[in-house]
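Chemist: Sequence and predicted model, in that order:
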Amino acid sequence: MPGLLKTAALNTSRVLGVNRVMRWQMRSRVLILCYHGVIAQKPKDRARYANTVSVAEFQSQLEYLCRNYHPISAAELLACLRQQRPLPARSALVTFDDGYQNNLVAGEILLKYGVPCVFHVTTGYIGSARVLWTDELLNRLELWPDPEVPLPLGGTRVLPRNPTERQRALWEIKESCKKIDASRLEGYLEQIRTRALELREDPELFEFLNWDGVRKLAKNFEIGSHTVAHPILTRIPPARLEQELRESKQMIEAETGKPCFCIAYPNGGADDVSTAVTEAAANTGYKLGFTLAERYSGVDEDPLALSRFCVQGHLPASYFEFRTSGVGQMLA
Ligand SMILES: [Zn+2]
């Protein structure tokens, strides 16, 4: 019932024109969206697929963008930021993170709508059969056979029997792994990997692109970096930070034959990006850097720290329209 009430409230804000007023307020700034994956059908288990959108949902969101915004490319955005000239009114930029195989489906749809895009790829996973470490960890914890699971900083935690509480506990452990030093995290992952478990396979969700796929996308879109191994950049030493930024950029340029000037910082939250990180990105030759902060960005902002809205999928269209209207930014 609360879900229905929420949907009704969001629909009301749409009918009353709140979203339109908010979009107008933000017309001189840019809306940057962050997607992760596009899958064929709306899934039954939404929680696991929350970072994806369905093909139908993606199409309707692109129609909405084309109707209400002016989709621009990363190169156009960069030109405006560099010259400090106004952005085209109601600018919007679409980006994808991680580098999943399903991004090829997204590419075909984007082409159909003529919408530019930056696909940020995690080069260490491209062409590999590995699952992103955060997904692998969560999957291993879900399958953990003992009543207690080891914790990243030592000790154990008794897992609740209630499925919802259990899932929340596992999620908390996964999130806590993003707050610790990378060396400690590696040790924890090794410890968790010692248990032989039958991991769940879902290629549509987890499979990464290979370089042929990346090159195919590069014909029509920008390829950006999402680092080599997807570490939290504020949790690694300076030498590793420099290496993650440089090696991923070089690999993308060598494989695509095109310059790589965009970077999306893994996880992208306030704790995951620092001035040291954005300065290192600038020193490596990146021109645009993307975080996740649910705000429209302006030409006066640091091009290496532009905010994006993370699109959560399989929700009513009114939710997407309300969240991306900028209302949160106005109320903050
Ligand atoms: Zn990512």
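Modeler: Perfect, I can see it now.

Chemist: residue ranges for the strands of the stretch 51-200 of the chain, please.
Modeler: 52-54, 70-71, 91-96, 117-121, 148-150, 156-158 (DSSP state E, counting those that start in this stretch).

Chemist: closest one to residue 253 among those?
Modeler: strand 117-121 (12.1 Å; Cβ to Cβ). The way it works is simple: take the backbone N, C-alpha and C, and place the C-beta from them, glycine included.

Chemist: And the contacts of that closest one?
Modeler: Residues from elsewhere that reach strand 117-121, judged by Cβ atoms under 8 Å, 6 or more residues apart in numbering: 74, 93-99, 103, 106-107, 110, 209, 214, 217, 221-226, 248, 252, 262-264, 290.

Chemist: what do you get if the cut-off is 7 Å, keeping everything else the same?
Modeler: 74, 94-97, 99, 103, 110, 209, 214, 217, 221-226, 252, 262, 264 (Cβ atoms under 7 Å, 6 or more residues apart in numbering).

Chemist: and what of stretch 130-147?
Modeler: With Cβ under 7 Å, 6+ apart, stretch 130-147 has contacts from 98, 125, 149, 158-159, 170, 173-174, 177, 189, 192, 197, 199-200, 206, 230.

Chemist: Out of those residues, list just those in helices.
Modeler: The helices, defined by DSSP state H, take in 170, 173-174, 189, 192, 206 from these.

Chemist: still on that earlier bit, and the ion, which of the contacts of stretch 130-147 contact it?
Modeler: residue 98 (Cβ under 5 Å from the ion).

Chemist: Now a ChimeraX select for only the buried ones of the contacts of stretch 130-147.
Modeler: Buried members of the contacts of stretch 130-147, identified by 16 or more other Cβ atoms under 10 Å, are gathered into one ChimeraX selection as follows:
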select :98,125,149,159,170,173,174,177,192,206,230
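
Chemist: So for the contacts of stretch 130-147, which is the shakiest by pLDDT?
Modeler: The member of the contacts of stretch 130-147 with the lowest pLDDT is residue 200, at 76.

Chemist: Distance-wise, check it relative to residue 223.
Modeler: Applying Cβ to Cβ, to the nearest Å, the value for residue 200 to residue 223 is 29 Å.

Chemist: Out of the ones in helices among the contacts of stretch 130-147, which two are the most distant from each other?
Modeler: Pairwise distances across the ones in helices among the contacts of stretch 130-147 peak at 19.5 Å for 173 and 206 (criterion: Cβ to Cβ).

Chemist: ok, residue 123 - contacts?
Modeler: 228, 248, 251-252.

Chemist: run the last query once more with 6 Å
Modeler: Residues near residue 123 by Cβ atoms under 6 Å, 6 or more residues apart in numbering: 228, 248, 251.

Chemist: Pipe the residues you listed into JSON lines and attach neighbour count, secondary structure and pLDDT per row.
Modeler: Formatted as JSON lines, the contacts of residue 123 follow (neighbours: other Cβ atoms under 10 Å; DSSP: H, G, I helix; E, B strand; the rest coil; pLDDT from 0 to 100):
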{"residue": "228", "neighbour count": "20", "secondary structure": "coil", "pLDDT": "98"}
{"residue": "248", "neighbour count": "26", "secondary structure": "helix", "pLDDT": "98"}
{"residue": "251", "neighbour count": "19", "secondary structure": "helix", "pLDDT": "98"}
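
Chemist: Could you list the residues of the stretch 1-150 of the chain in contact with the ion?
Modeler: Residues of the stretch 1-150 of the chain lying near the ion (Cβ under 5 Å from the ion): 97-98.

Chemist: pLDDT below threshold where in the stretch 101-250 of the chain?
Modeler: The stretch 101-250 of the chain contains no residues with pLDDT under 70.

Chemist: one more time with 80, if that's ok
Modeler: 200-201 (pLDDT under 80).

Chemist: Could you check how far the closest residue to residue 325 other than its chain neighbours is from the ion?
Modeler: Using Cβ to Cβ, 6 or more residues apart in numbering and skipping the chain neighbours, the partner closest in space to residue 325 is residue 22 (3.8 Å). Look at residue 22 and the ion: by Cβ to the ion, to the nearest Å, they are 28 Å apart.
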